[in-house]
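Student: The following comprises the amino acid sequence and a computationally predicted model.
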Amino acid sequence: MTSLCDQATAVRALVESADPGAVWAVGGPEGPQAGSDGGHPADAAFDVDALSGVLALWPVIGSLVDEGALRLHTPLAAYGDTAAEGVPAGTTAHHLLTHPGGTATLTHLTRLAEQLSGSPLADLAATRVWHPLGMTGTRFADGTLRAPFADLVRFLCRLLDPVDPVDPVDPVDPSDPAGISRAWTSESLRIRTGELTPARGLLWDPAPHGVWTHRAPQDGGAALWVSPRHRRWAVLLPTAGRGMSRTAFREAAFAPTTAE
């Protein structure tokens, strides 16, 4: 894989030619190496509702697994009738996390998280994930998830540098959440479907070059990418109606050179 500086140059050239108004960044655990705010104010909060599955639900589910409140391979019926409502008998959280199901899957997982915790997803994400990570501008507003770009960067940096599931300030109390744990990240960013297709992790999809992605369902929508192996991440919020190729963006940000 080429250097992060070289990749950033390639991404910038691509975006400037295909969608100069897009908001994007590439970087590593220390922060962004390059990017553009698309001309928006620094404190602008973007509509990232299409990414709520990974920005809110995925880390909340992980926190419940870390604390032992949820076991991925236990049938949902074990957690009550409400948790198992609308899914086939024997369905587990692992099934939902590894099988593409769109809105229905996210709805089932949200109901499960809320039943196990007794709190709405918005409150769970804020207290367990966003506040510990310093994502103070991220919130659900009128049912839509909105976040400033700086918060997306904080989220992606943490994926490359996760922590153990205890508060690093007060490690004596393991019930105090630390955002996203090392164990949950490791378990999620690996193939969990065996030889079945499509191959998936836990709400993350594998891509070439050791990359994992979570993206909006529609082609040309928002997307996040992370490669723990190469200590690199990327994020793209394209201009509405422009629909720059996410594949081209990913290749520019992560593809190795022929020499490699």
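Tutor: Looks like it came in fine. Here the structure is a predicted model, which means the values were calculated and not measured. Numbers count the residues shown, from 1 in each chain.

Student: Can you list the low-confidence ranges for the stretch 51-200 of the chain?
Tutor: 163-178 (pLDDT under 70).

Student: Which stretches in it count as helices?
Tutor: Assigned by DSSP state H, counting those that start in this stretch, the helices in the stretch 51-200 of the chain fall at 52, 58-66, 81-84, 93-98, 102-117, 121-125, 131-133, 149-160, 182-188.

Student: As CSV, these with mean neighbour count would be great.
Tutor: Any C-beta I mention is one placed from the backbone N, CA and C, and that applies to glycine too. What follows is the helices of the stretch 51-200 of the chain, written out as CSV (neighbours: other C-beta atoms under 10 Å):
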stretch, mean neighbour count
helix 52, 19
helix 58-66, 24
helix 81-84, 16
helix 93-98, 21
helix 102-117, 18
helix 121-125, 20
helix 131-133, 18
helix 149-160, 21
helix 182-188, 17
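
Student: possible to save those as CSV with distance to T74?
Tutor: As requested, these are exported to CSV (distance: least, C-beta to C-beta, whole Å):
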stretch, distance to T74
helix 52, 25
helix 58-66, 11
helix 81-84, 10
helix 93-98, 8
helix 102-117, 11
helix 121-125, 20
helix 131-133, 27
helix 149-160, 26
helix 182-188, 15
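
Student: V235 is nearest to which of those helices?
Tutor: Ranking the helices of the stretch 51-200 of the chain by their distance to V235 (criterion: C-beta to C-beta) puts helix 149-160 first, at 5.3 Å.

Student: Please list the residues outside the closest one that contact it.
Tutor: The list of residues contacting helix 149-160 from outside it, by C-beta atoms under 8 Å, 6 or more residues apart in numbering, reads 23, 25, 27-32, 35, 37, 40, 42, 44, 46, 48, 55, 130, 133-138, 179-180, 185, 224, 226, 228, 231-233, 235, 237.
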